[in-house]
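>>> What follows is a predicted protein model with its sequence.
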Amino acid sequence: MALDSDLGSSFMLKQLEGHLQPNDIVLLVVDYQTSQKGNLLPQLITGDYLPEARDWRSSFTVTERLNGHLAYYWYILKSFFLSLWDIAHISKESSFSNVYTNQGFNTKGDLISHLGLPPYIKNSLPALVVDSTLNQQIEEVNSFNRYATQKQAKLFWIIGSCSEGYFEQNQKAIQQYETLLNNTLFCPIIGNSLTGVMDDALYFDSQNHPNAEGRKIWTYRIVELLDSFDF
């Protein structure tokens, strides 16, 4: 299962907690910019489509809640007018809004609507900052790992994929990030920070969203690494 990184790892773990079964194997893929708390806007949007997701929201300050709800209502308004613009001015083949829709998935739940499309302008990810919030995130994952062990399930952490350009720009912070994981994370880590690093040309619309060829390469790398584990 892959989720928008802005939802936050806490949101993802709360969803997993309600569905975890004995003998399950969880591969938790956490992008560098995935915070523990996440962003309220995508959590609100997810709750519109999946009511039970409203119970997975993080705890936000009053200011964060106010800003999140303002962003949510602006999102609804903007989406309405953009859909009208698409209908009037943009062909179906070139419209970006036709990529990220609920019709863009296959029967396995994989987003495939972007495969084969030319790359859009790359969105530069924010610089990686390793601070105390990462410790909090790791503590929460460790707590979930204990819960998984009690349920006789297994949890594995996979460091998210990123472009060579992003890796080079944040190499020192990524080294600190990986060192902290190795020292404080209880569950096994599949691969390392280099496992998901690929050429910039293998990404679709951001520095962590592989295109069709990038997906294949990264998937094969993970599968090969998983072969070394005794399940």
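Cool, got the structure.
>>> Longest helix of the chain, counting residues only.
helix 62-89 (DSSP state H).
>>> model confidence over that helix, on average?
On average, the pLDDT along helix 62-89 is 80.
>>> Repeat that for stretch 11-24.
In this model, stretch 11-24 has an average pLDDT of 93.
>>> Got the confidence number for Gly104?
On the pLDDT scale, Gly104 gets 86.
>>> For it, give its distance to Ser113.
3 Å (Cβ to Cβ, to the nearest Å). Any C-beta I mention is one placed from the backbone N, CA and C, and that applies to glycine too.
>>> And Asn182, by the same measure?
Distance, Asn182 to Ser113, by Cβ to Cβ: 37 Å.
>>> what's the helix or strand Thr46 falls within packed up against?
In the assignment (DSSP states H and E), Thr46 maps to helix 40-49. If contacts are counted by 3 or more Cβ pairs under 8 Å, 6 or more residues apart in numbering; DSSP states H and E, helix 40-49 sits against helix 62-89.
>>> just to revisit the earlier point, Asn182 and Ser113: which is more packed in?
The residue with more neighbours, out of Asn182 and Ser113, is Ser113; 14 against 10, by other Cβ atoms under 10 Å.
>>> Can you name the residues that contact the more buried one?
Residues near Ser113 by Cβ atoms under 8 Å, 6 or more residues apart in numbering: Asn98, Val99, Tyr100, Thr101, Gln103, Gly104, Phe105.
>>> Just checking, which helix or strand of this protein averages the lowest pLDDT?
Among the helices and strands of the chain, helix 62-89 carries the lowest confidence by mean pLDDT, DSSP states H and E, at a mean of 80.
>>> can you give me the angle that one makes with helix 40-49?
Helix 62-89 runs at 70 degrees relative to helix 40-49, counting by axes from the mean of the first three to the mean of the last three Cα atoms, to 10 degrees.
>>> about what we covered before: can you mark which positions in the helix holding Thr46 are buried?
Within helix 40-49, the residues that qualify as buried are Leu40, Leu41, Pro42, Gln43, Leu44, Ile45, Thr46, Gly47, counting by 16 or more other Cβ atoms under 10 Å.
>>> just stretch 20-29 next, same as before
Neighbour-count burial for stretch 20-29 flags Leu20, Val26, Leu28, Val29 (criterion: 16+ other Cβ under 10 Å).
>>> Over to stretch 196-210?
Buried residues in stretch 196-210, counting neighbours by 16+ other Cβ under 10 Å, are found at Gly196, Val197, Met198, Leu202, Tyr203, Phe204, Asp205, Ser206, Gln207, Asn208, His209, Pro210.
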